[in-house]
Each structure stands twice: as C-alpha cells, then as structure tokens.
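Novice: Below are the sequence and a predicted model for it; my questions follow.
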Amino acid sequence: MHPAPDSSRGFALGALGVLIFAMTLPMTRLAVGNAGAPQLTPAFVTAARAALAGLLSLAYLRWIGGARPAREHWRDLAICAAGTVLGFPLFLALALRDVEAMHAAVVTGVLPLGTAVAAAAWLRQRASLGFWLCALGGCALVLAYAALQGQGRLSAADGLLLLAVASAAIGYVGGARVSLRLPAEQVICWVLALSLPLTLPAMLLAWPADAGAVRWASWGGLAYVTLFSMWLGFFAWYRGLALGGVMRVSQVQLLQPFLALLFAVPVLGERLDATTVLFALAVMAVVLIGKRMPIARVKIDPAARAAAGGLSP
C-alpha cells in the first residue's frame with residue numbers, strides 16, 4: 001500500500017521539523033553548560049525560549065489576523081503547552097546539566113514510539129502489525145545503542161530525559177489534534193501566546209543575576225531554541241503530523257537522535273564513532289520501511305465523538 005500524496009508531503013514536512021529539532025539537544029547543552037561550568041539556568045532557558053517565542057507568536061497572529069481557537073480546542077492547546085512548552089524543555093535542560101548531548105540524543109530516541117502509543121490511544125488509530133514491528137524495531141535499535149554506549153546503566157538524568165519524552169509525546173498529539181482544524185503555524189502560536197501569562201513572569205524572575213558573565217555561545221544556544229526549536233520547527237512539524245498522520249509521521253523522529261549526534265560534533269566538539277553511523281543507517285532503514293506500512297482510522301460515531309469532545313484525524 002503506497003502512501004497518498006498528502007502522506008508523502010506530511011512525511012517531508014515532518015522530516016524538516018525533525019531536522020530543526022535535532023539541533024535542540026546540542027544548543028540546549030550549549031545554553032545551560034554543564035555541572036562543572038554552568039551558564040544559563042534550566043529554569044531560565046525553559047521560560048525564556050517560550051516567552052520570547054510567545055511574543056513572536058503574538059506579533060505573527062496579529063499580522064495575519066489569526067482567528068481565536070474554538071472553545072473545544074482549548075483543552076488540547078493547554079495539553080500541548082504543558083507538554084511541549086513546559087515539560088519537555090524543562091526536563092531536557094535539567095538532564096543536560098549532567099549528561100552529554102549525545103547521551104541525551106540516544107535516550108530521547110524512544111520519542112517516536114511514545115508519540116505513536118499516545119496517538120493510538122487518544123486518536124483511536126489502528127496500525128498494522130508491520131508498523132508496530134518497525135516502531136518497536138527502531139526503538140530497540142535506539143535502546144541497544146544506549147546500552148552499548150552507557151553499559152546499560154540508567155541515571156537520574158535518564159529519568160528526566162524519559163519524563164521529557166513522555167511530555168513531548170502527549171504534547172505533540174494534543175497539538176496535532178488542533179492542527180486538523182487550524183493552520184499548523186497558528187496552533188503553536190496560540191499555544192505559546194496562551195502560555196505567556198506564566199512564561200513571561202517566570203523568565204523575568206529567573207533572569208541571570210550577572211547576565212554579562214554568560215558566554216555569547218550560551219545566548220546563541222538560547223536564541224536557536226527560541227526561534228527554531230520552540231517556534232518555526234513546529235510550523236513544519238504540526239503540518240506534517242496533520243497531513244501524514246500522527247502515527248506514521250512520528251516515526252521519522254527515529255532519525256532525530258542520530259542527527260543530534262552529528263550536530264553535536266561541530267557545536268560541542270563531541271566525538272562521533274563508527275558505531276553511531278551504523279546504528280543511524282539501520283534506523284533510517286526501519287523508518288523508510290515503517291513509512292510504507294498501512295495505518296487505518298477507526299470509525300467513530302459522530303455523537304460519541306462530540307460527547308468525548310475529541311477529533312479523529
């Protein structure tokens with residue numbers, strides 16, 4: 001079964017979003033530094049990236065005359081904000097104080113499977129056995145890589161990274177639901193704008209006491225995660241999820257940890273080895289196979305759907 005044109009376009013946009021997001025790990029690490037040489041605090045990075053992107057979002061919505069979301073969208077927008085604006089950035093920044101970007105990239109490689117599971121449960125999508133085998137196979141490859149690199153040990157930072165994964169997976173599905181009814185770029189803008197009453201005061205409260213002592217590289221990392229990771233990347237990502245289906249497009253994220261590994265080399269000076277390249281190629285193969293596996297949408301009675309207050313893509 002070949003994917004429809006919208007599915008192919010959604011997959012391409014999802015891949016663009018993943019390419020942008022892949023820089024999030026090294027850039028966040030650059031912004032917060034490490035336990036031995038801290039720069040910006042995780043709380044400040046989390047609040048600032050969301051608050052500054054929220055101000056950009058307000059300007060963009062005013063420029064295009066974006067319509068206010070309908071009442072039934074507010075819950076999903078709030079869930080998306082909790083997962084992608086607060087949970088994922090905060091847990092990620094806290095973890096990156098103690099682990100390298102390459103380690104974090106590997107652990108967060110389970111995000112596609114988490115997103116697929118969230119979509120299956122929430123959006124009532126039914127995937128083929130082949131799809132699930134590909135998803136589980138890709139996840140197994142990522143975890144095997146983690147075991148090889150970390151001798152199978154998990155730390156408190158790994159727990160924070162898994163919390164980041166859970167937050168992002170739920171937030172992605174909430175945003176994707178709204179993207180079925182609103183333009184994708186407006187969804188993330190409304191999510192960020194609605195978060196401003198919380199993120200803007202938090203940014204001001206967490207502002208560095210000695211901002212002049214912070215390295216320019218750290219401010220550059222913050223600038224990237226604000227403009228690209230927190231804002232423009234979602235323009236492509238949510239449009240891709242809406243066009244291609246959450247379960248299918250989410251699997252391209254299996255490439256994200258390995259793209260992050262590649263970016264960590266020039267940005268942070270971390271070393272890339274042959275094992276990483278081999279695992280990256282294997283994951284790419286699984287993603288391409290999984291892209292072609294059928295995914296069915298479960299038919300839901302309109303009255304039941306309305307009573308549940310949900311949308312089915």
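Specialist: Looks like it arrived, so ask away. Keep in mind the model is a prediction, meaning the values are calculated, not measured.
Novice: which stretches of the protein have low pLDDT?
Specialist: For the chain, the stretches flagged by pLDDT under 70 are 1-5, 35-37, 150-154, 291, 295-313.
Novice: How about the residue nearest the centre of it, nearest residue that isn't a chain neighbour?
Specialist: Nearest residue to the geometric centre of the chain (C-alpha atoms, centre = their mean): Ala168, 5.4 Å. Spatially, and ignoring its direct neighbours in sequence, Ala168 is nearest to Phe88 (4.2 Å; C-beta to C-beta, 6 or more residues apart in numbering). From N, CA and C alone the C-beta is placed, and that goes for glycine too.
Novice: quick check, that neighbour in a helix?
Specialist: Yes. Under DSSP: H, G, I helix; E, B strand; the rest coil, Phe88 sits within a helix.
Novice: Would you check how far apart it and Arg49 are?
Specialist: 11 Å (C-beta to C-beta, to the nearest Å).
Novice: higher neighbour count, the two?
Specialist: Arg49 (30 against 26; other C-beta atoms under 10 Å).
Novice: before we move on, the earlier item: quick one, what contacts the residue nearest to Ala168?
Specialist: Shown in contact with Phe88 (C-beta atoms under 8 Å, 6 or more residues apart in numbering): 164, 167-168, 171.
Novice: which one of these is nearest Leu259?
Specialist: Comparing these against Leu259 with C-beta to C-beta places Ala168 closest, at 15.9 Å.
Novice: Flag every buried residue along the host helix or strand of Gln186.
Specialist: Gln186 belongs to helix 184-205 when assigned by DSSP states H and E. Using 16 or more other C-beta atoms under 10 Å as the test for burial, helix 184-205 gives 184-196, 198-200, 202-203.
Novice: does Thr84 really touch Ser167, like I thought?
Specialist: Yes. With contact defined as C-beta atoms under 8 Å, Thr84 reaches Ser167; the gap is 7.3 Å.
Novice: Tell me if I'm right that Ala12 and Arg239 touch.
Specialist: No. Using C-beta under 8 Å, Ala12 makes no contact with Arg239, being 10.1 Å away.
Novice: number of nearby residues for Glu100?
Specialist: Residues near Glu100, counting by other C-beta under 10 Å, number 18.
Novice: Now do the helices in the stretch 101-250 of the chain.
Specialist: Remark: helices assigned in the stretch 101-250 of the chain by DSSP state H, counting those that start in this stretch are 101-107, 111-122, 129-150, 156-179, 184-205, 216-224, 233-244, 246-249.
Novice: Between those helices, which one is closest to Val45.
Specialist: Closest among those, once you apply C-beta to C-beta, is helix 216-224, at 6.0 Å.
Novice: sorry, back to before: show me which of Ala12 and Arg239 is the more surrounded one.
Specialist: Arg239 (23 against 16).
Novice: Who are the contact partners of Phe263?
Specialist: 22-23, 25-26.
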